[in-house]
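1. how would this look folded up:
(chains A and B)
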Amino acid sequence: MAADVDRLYWFIVGVTAFFAILVCVLVVYFAVRYRTQDPLKVGSPITGSIPLELAWSVIPFLISVVIFAWAAQVFFDLSRPPDQTLEIYATGKRWMWKFQHLDGKAEINELHVPLGRPVKVTFTSEDVLHSLFFPSFRVKADAIPGRYSTVWFNATKTGEWHIFCAEYCGTRHSGMIGTVTVMEPAAYQAWLSGAGGGGTLASRGERLFSELACNTCHLGDGSGRGPSLFNKFGTQEQLANGSVVNVDESYVRESILTPQMKVVAGYQPVMPTFQGLLNEESVMALIEYVKSLQSSTGGTATTNATGAPAAAPAQEKR
Amino acid sequence: MEMTLAAPRVDYLNVRHTVASWLLTKDHKRIGIMYLVVVTIAFFVGGLFASLIRLELATPAGDLVSSDTYNKLFTMHGVAMVFFVLIPAVPAILGNFVLPLMLGAKDVAFPKINLLSWYVFVIGFLFTLYAMITGGVDTGWTFYTPYSSRASSTNVMMTGIGVFITGFSSILTGLNFMVTIHRMRAPGLTWFRLPLFVWAIYSTSLVQVLGTPVIAITVLALAVERGLGFGIFDPALGGDPVLFQHLFWFYSHPAVYIMILPPMGAISEVLACFSRKNIFGYSFVAFSSLAIAIFGFLVWAHHLFVAGISVYSALVFSFLTYAVAIPSAVKTFNWTATLYKGAIWLKAPMIWALAFLGLFLVGGLTGLFTAALGVDVHIHDTYFVVAHFHFIMVGGAIMGYFAGLHYWWPKMTGRMYSDIWAKVAAIIVFAGFNLTFGPQFILGYLGMPRRYHMYPEEFQVLNVLSSAGASILAVGYVLVAIYLIASLFNGEEAGDNPWHATGLEWTTQSPPLPHNFETQPVVTEGAYEYSKREIKVV
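-> Below is the predicted model:
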C-alpha cells in the first residue's frame, strides 16, 4: 500500500515539476528577452487568444481528473481493509497510545506486528482529538472521542518505525509518539506468547458481560428482554424507528453507552446506560466479545455460555 | 481648491496634521494608511512568534521554550498572521487606498462605515493582543474542539472575542467595497474596463460578506460550549467535534481566497504596467476571480479527509478541489503570456511580482498533492501542508501585497524608495523564503507532523536549513521596512505617474488630493491600453 501511495506521489511530483519548470523558464525567458530600460516603449497589442486559453484550461483539467481518479482509487484501497486482517484495538489519550492485542496483550507507545500480514487498527480517543499516524505505512486517521476510526497496513519490511500523533492535542503533543516493530511471523508468534496478557480480549469482554449482568437480558435464544447478540456482528439490524443499522464497532459501542439512541425493533428501551461506567478499553473488550459470538465455530453455544471462538488465533496457547 | 504648480500642493496628508484629523477621518486614503500601520504592527508581532518557532526547531529537543510556550507561539503566530495580516493586508490597505481612485470616485460609498471598520478592526486586535499578553492561547489558530472547548486552560475566550469582533470589520469593508464598485464608477467605466484589481476586490468582498458570518457563528458556538457548557461540539456533552471542523473550514477555506485574490489582482496591475501590455485574456482573468470566489465555498471538507468523513463525500470534495484549481492555473498561464512580447521594465514592483509568480506557482501546484485523496492521507497535518500553505499565503499573498505596496507607494506617499534596495530585498525574501519552506515539503513527506515542539533527530538537518532560511527571510522583511520608512524622509519626489501606468489613480497627483480628483474623470477605454500609446512598439 505504501508503495501505491509513493507511486502516485512521484507521478504528481513529475507532473507538477514539469509545469513549474515550464512556467519558470517562460517567465525568465520573457523577462530577459523583452527587457527594456525605456519606460516609454510599449508592448505588442496582444489581448488574448481563446484557443490558447481553452487549451490551458482543458489540459490541466484533464490532468487533474487523472490525478483525482488515481488518488481516489488509492484512497478506497486505504479505506477498505481486506477481509482477513490481524485486528488490534487502540486508544489515544493525552499523551499516549495504548494498543490492545486480541490475545490480551497490551502495549503503550509500542506496537508489535508481523511482517506481510494485513493489520487493522481500530481506535478512538478518550479525551480530545488525536491522529494515529504511521508515516512508514503512509496511513493516518484522526482519533475522535465517541467514534471508532480504523487504519490498516501491510508491513513489507522488518524494523522499527515511527508512530506519531498528527492532530494537535495540547502540551505534550510532540511527545505522543511511539514505535511500531515489524517482526518476522515466527518472531512475532514468539513475542506474542511471551509474558503479559491475562486472557484474551474477548474473554475479558465475556467476564465483563456477566459482571455487568448483560447476560441477564441478552439471552442467546432471543427470549430475553434484550435481543440476542449471537451472530449479530456484521449483520444489519432493524430498528424500532424503522431504519436499518449496520452492526459494527460503532453501533455496538453506541448501544452500550447510549442504549436509548437506536433500539432494536420489537424491544423496549429498558437498557440502562453505561456512559461513564466503562473506560474505552472495557468497551473494546465487550465489542470483541460480541464479535466472537459467531455460530460457525460456536456450535450450540449461547450468548452467556462458552466464550470466544477462533477470533483470536493465539488464544489456544494461553 | 486652487492648484498651481508653484504653490505647495494640498494633498490628503498635508491638508490637516492633528491627531484628531486622522482618528476622525473619513478619507479612504487616510484609513488605508491607518490600516497599514496596524497591519504592519501585527505582521511584526506574528513575525516575532515565527522567529521564535524557527529558533526552537533548530534543535530536536525542546530546549528554548517549554512545550506550552511553544504551543502558544505557533497559535499566536497563526492568529496574528491570518486574522490581522493576511485577511486585511491587500483589501483594507491597498484596496482602501486605491479602489476609489481606480473608480474615479471621491471616496467609498460609506465613508463613516469605513472608519467604523477600522475601529472595529483595532478593537478586535486589542482584544487579541490582550489575550496574548495575559498568558496567550494554545489551541492552534484552528481552535479545534473539544481541545479548545474543554481541555485548554488558556485565553481561548478572549482570543475568540478578538476574532469575532474583527470579523465584523471584514464584513463591513466587503459591503462597502461592493456598493462602491456598483455605484461609484466614473462615467464610461464599464465592468469590462475595470482594472483587474477591482474584479479581485469585488470577488473578495463577496466572500467576506457571505463567509465571515459563519466564523462568527462558529466562534460563538464555541464560546457557548466553553463558557456555558452547552453540548455542541464536545462528544462528552453530546456534541460532535467534527461539526466544528465543517463550520470552521466553511469560512476558513474561502478565507484563503480572501487572502489570495486581492494580491492576485495587484499582480495583474503590476504585470500589465511593467510589461506595457494588456493582460492576456482580460475576461478569463476577471471571471476566474469570481469563479474562485464561488467554487471556494464548495471545497471546505478537503481539510477533513482523515477526520472520519465518508469516503464518498471525500470523493466529491477532492473533485471540487481540483475544479477550483483550474481558474488559478488559468490566471498563472495568462500572467505568463502577458509577458510575451511585452516591453518589460524591471523596476522593483515587477521583481516582487515575478517572485510572486514563482512562489505562487509552487504553492498552487503542491495543492495538487493535498487534494489527492490517497496522498493526503499521508501528508495531512505534516510539514508538507505547512509548506504548501505558506507558499500560498506568504509566497503568494504577502509577495503580492509587497508588489502592490511597492507599486502604489509613490502614489500613497508621494515619495520614491530606493529601487536598488527594493530589488535586493525582493531577491533576499525570495531566496530566504524558498530556503525556509522548501525543506518543509521534504520533512512532511518524511512524516514530520506539524505543531511539534520536539522531533526525532533524523529531521534536524532539514529543520536547520529551514531555520536558516527564516533568518534570511527576516532580514529581507526588515530591509523593506527600513527603505520604505527612509523614503518618507529622503525619498525623491515620485511625481504623479512614475511608472507611466494607465489607470485613473495615476491621473491625479501624488499624494492625491483630499478628494482625489480635481474634476470628474471620464473613461473612454479599457484598463491596460498601453499599446495604444503608439510610441514605440517592440
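2. Point me to the residue of the stretch 101-250 of chain A nearest chain B.
-> A:Pro135 (2.6 Å; CB to the nearest CB). (C-beta placed from N, C-alpha, C; glycine too.)
3. What about the residue in the stretch 401-538 of chain B positioned nearest to chain A, how many residues nearby?
-> Chain A sits closest to B:Gly447 of the stretch 401-538 of chain B, with a gap of 2.6 Å, by CB to the nearest CB. Counted with other CB atoms under 10 Å in any protein chain shown, residues neighbouring B:Gly447 total 24.
4. Could I get the full set of strands for chain B?
-> B:415-416, B:492-493, B:536-537 (DSSP state E).
5. rank these by pLDDT, which is bottom?
-> In terms of average pLDDT, strand B:536-537 trails the rest of the strands of chain B, at a mean of 45.
6. Kindly report the residues of the stretch 151-300 of chain B close to chain A.
-> B:151-152, B:235-236, B:241-242, B:275-278, B:280-284 (CB under 8 Å from any CB of the partner chain).
7. Poorly predicted segments of the stretch 51-200 of chain A, please.
-> Counting by pLDDT under 70, the stretch 51-200 of chain A contains low-confidence ranges at A:195-198.
8. show me where it has strands.
-> A:86-93, A:96-101, A:106-108, A:110-114, A:119-125, A:130-134, A:139-143, A:149-153, A:159-165, A:178-183 (DSSP state E, counting those that start in this stretch).
9. quick one, domains of chain A?
-> Chain A is divided into the following domains under automatic domain parsing: A:2-27+A:50-79, A:86-192, A:201-317.
10. which of these is buried the deepest?
-> domain A:86-192 (a mean of 21; mean count of other CB atoms under 10 Å in any protein chain shown).
11. Show the end-to-end separation of that one, please.
-> Its first and final residues considered, domain A:86-192 spans 13 Å by CA to CA, to the nearest Å.
12. Can you say which helix or strand has A:Gln238 in it?
-> strand A:236-238 (DSSP states H and E).
13. Got phi/psi on the residue of the stretch 401-538 of chain B closest to chain A?
-> phi 110, psi 10 (degrees, to the nearest 10).
14. Tell me the buried residues within the residues of the stretch 151-300 of chain B next to chain A.
-> Buried by 16 or more other CB atoms under 10 Å in any protein chain shown: B:151-152, B:235, B:241-242, B:275-278, B:280-282, B:284, out of these.
15. returning to what we had before: surely the residue of the stretch 401-538 of chain B closest to chain A touches A:Trp161?
-> No. Using CB atoms under 8 Å, B:Gly447 makes no contact with A:Trp161, being 9.2 Å away.
16. Touching both of the two, which residues are there?
-> A:135-136 (CB atoms under 8 Å, 6 or more residues apart in numbering or on different chains).
17. Show the contacting residues for residue 47.
-> Answering for chain A, as no chain was given. For A:Thr47, the contacting residues are B:278, B:280-282, by CB under 8 Å, 6+ apart.
18. The chain in question should be chain B.
-> B:Gly47 sits in contact with B:474, B:477, where contact means CB under 8 Å, 6+ apart.
19. quick revisit: quick one, which of the domains of chain A gets closest to B:Leu228.
-> domain A:86-192 (19.5 Å; CB to CB).
20. Quick one: distance of that closest one to the chain centre.
-> Put simply, domain A:86-192 sits 10 Å off its chain's centre (CA atoms, centre = their mean, to the nearest Å).
21. Tell me the confidence at the residue lying farthest from the centre of chain A?
-> Among residues of chain A, the one most distant from the C-alpha centroid is A:Leu40; the distance is 64.0 Å, by CA atoms, centre = their mean. Per-residue pLDDT puts A:Leu40 at 88.
22. next one: B:Met3
-> 49.
23. picking that back up, export the strands of the stretch 51-200 of chain A to CSV and tack on distance to B:Ser531?
-> Listed next are these as CSV, based on distance: least, CB to CB, whole Å:
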stretch, distance to B:Ser531
strand A:86-93, 63
strand A:96-101, 65
strand A:106-108, 71
strand A:110-114, 67
strand A:119-125, 62
strand A:130-134, 55
strand A:139-143, 54
strand A:149-153, 59
strand A:159-165, 56
strand A:178-183, 64
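24. so which of the ones you listed gets nearest B:Trp191?
-> Between the strands of the stretch 51-200 of chain A, strand A:139-143 lies closest to B:Trp191; by CB to CB that is 45.0 Å.
25. quick check: mean pLDDT across stretch B:198-206?
-> 97.
26. With stretch B:396-403 instead?
-> 97.
27. in the stretch 1-150 of chain A, which spans are helices?
-> Counting by DSSP state H, counting those that start in this stretch, the segments of the stretch 1-150 of chain A that form helices are A:2-33, A:50-79.
28. Any idea which of those gets closest to B:Ser471?
-> Short answer: helix A:2-33, nearest of those by CB to CB, at 25.4 Å.
29. Would you mind measuring the gap between the ends of stretch B:230-245?
-> Rule used - CA to CA; the end-to-end distance of stretch B:230-245 is 18 Å.
30. which residues touch B:Val480?
-> B:402, B:422, B:425, B:429.
31. among those residues, which are in helices?
-> B:402, B:422, B:425, B:429 (DSSP state H).
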